[in-house]
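Fold the following and give me the result.
(one chain, ligands or ions: 1)
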Amino acid sequence: MNKIVFATNNANKLREAAEILAPLGIEVISQREAGADCDPEENGATFAENAMIKVKAVYDIVKIPVFADDSGLCVNALDGRPGVYSARYAPKGQECAKLLEEMKDIPDNNRAASFQCVIAYMDEKGIFTVNGGCIGKIGYEEKGTNGFGYDPVFVVGDKTMAEMTAEEKNALSHRGAALRALYEMLAKG
Ligand code: ITT
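A predicted model of the protein is given here:
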């Protein structure tokens, strides 16, 4: 099984990536396990820039294959916010409540949103990025206890992502799509 270091300090992202990549024969190791205890400043203007900042910082330390994930929620009615600022939009655990408050007067036909994920991968040959997206809408209340972040208010079909099993979320999520694209790139050699 190939081993790749995941440049993240987010335990939920780490769990999801391990679930998605293990069946494809890739073992995911956390940056901490690999000896890279860093948290670089994410001062890029785009998901891709931030993903590259994170992957380079960890690759410089571990010098074995690394990927990083920069992701977030883009809400149409908010001109794409919180976007790259999704992790900083509200204190952890309060992001859904803040978003619901901001969306309280937005009608049903204008509640579309997407989760976006850019994965940057780096090894001795160089660096590349792949993307994944997932279209849904913002609900009216928090529902479900699985997942993390904005999952309780992000509705796809008739469920929020927090009401889905891990398998259901991974099959349609932005992170699942981006990680499968990463796998396809690596499989090509
Ligand atoms: P690392 O930078 O250490 O990977 P982070 O949580 O700071 O961890 P980001 O800067 O990429 O990661 O911010 C992503 C934020 O977007 C995350 O904290 C959530 O609030 C939100 N987010 C991303 N993917 C999500 C998902 O699958 N479900 C719910 N919220 C998600």
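
Report the contact partners of Leu14.
Contacts were defined as Cβ atoms under 8 Å, 6 or more residues apart in numbering; by that measure Leu14 touches 6, 8, 28, 30. No exception for glycine: its C-beta is placed from N, CA and C like everyone else's.

again, only using 6 Å
Taking Cβ atoms under 6 Å, 6 or more residues apart in numbering, we find Leu14 in contact with 6, 8, 30.

With the ligand in mind, check whether the strand or helix carrying it reaches it.
Leu14 belongs to helix 11-21 when elements are defined using DSSP states H and E. Yes - using Cβ under 6 Å from any ligand atom, helix 11-21 reaches the ligand at Lys13.

what comes up buried for that helix?
Neighbour-count burial for helix 11-21 flags 13-14, 16-17, 19-21 (criterion: 16 or more other Cβ atoms under 10 Å).

Centre of the chain to stretch 55-65, how far?
In terms of Cα atoms, centre = their mean, to the nearest Å, the centre of stretch 55-65 is found 19 Å from the chain centre.

Show me where the chain has its helices.
Secondary structure of the chain (DSSP state H): helices at 11-21, 47-62, 95-102, 166-172, 174-188.

Kindly list the main-chain dihedrals of the closest residue to the ligand within the chain?
For the chain, the nearest residue to the ligand under the criterion Cβ to the nearest ligand atom is Gly149, separated by 2.4 Å. Note on Gly149: its backbone torsions stand at phi 50, psi -120 [degrees, to the nearest 10].

Against Ala113, how distant is the closest residue to Leu99 other than its chain neighbours?
Excluding the flanking residues, the one nearest Leu99 by Cβ to Cβ, 6 or more residues apart in numbering is Val153, at 6.0 Å. Here Val153 is placed at a distance of 9 Å from Ala113 (Cβ to Cβ, to the nearest Å).

Before I go, just wanted to say thanks for your time.
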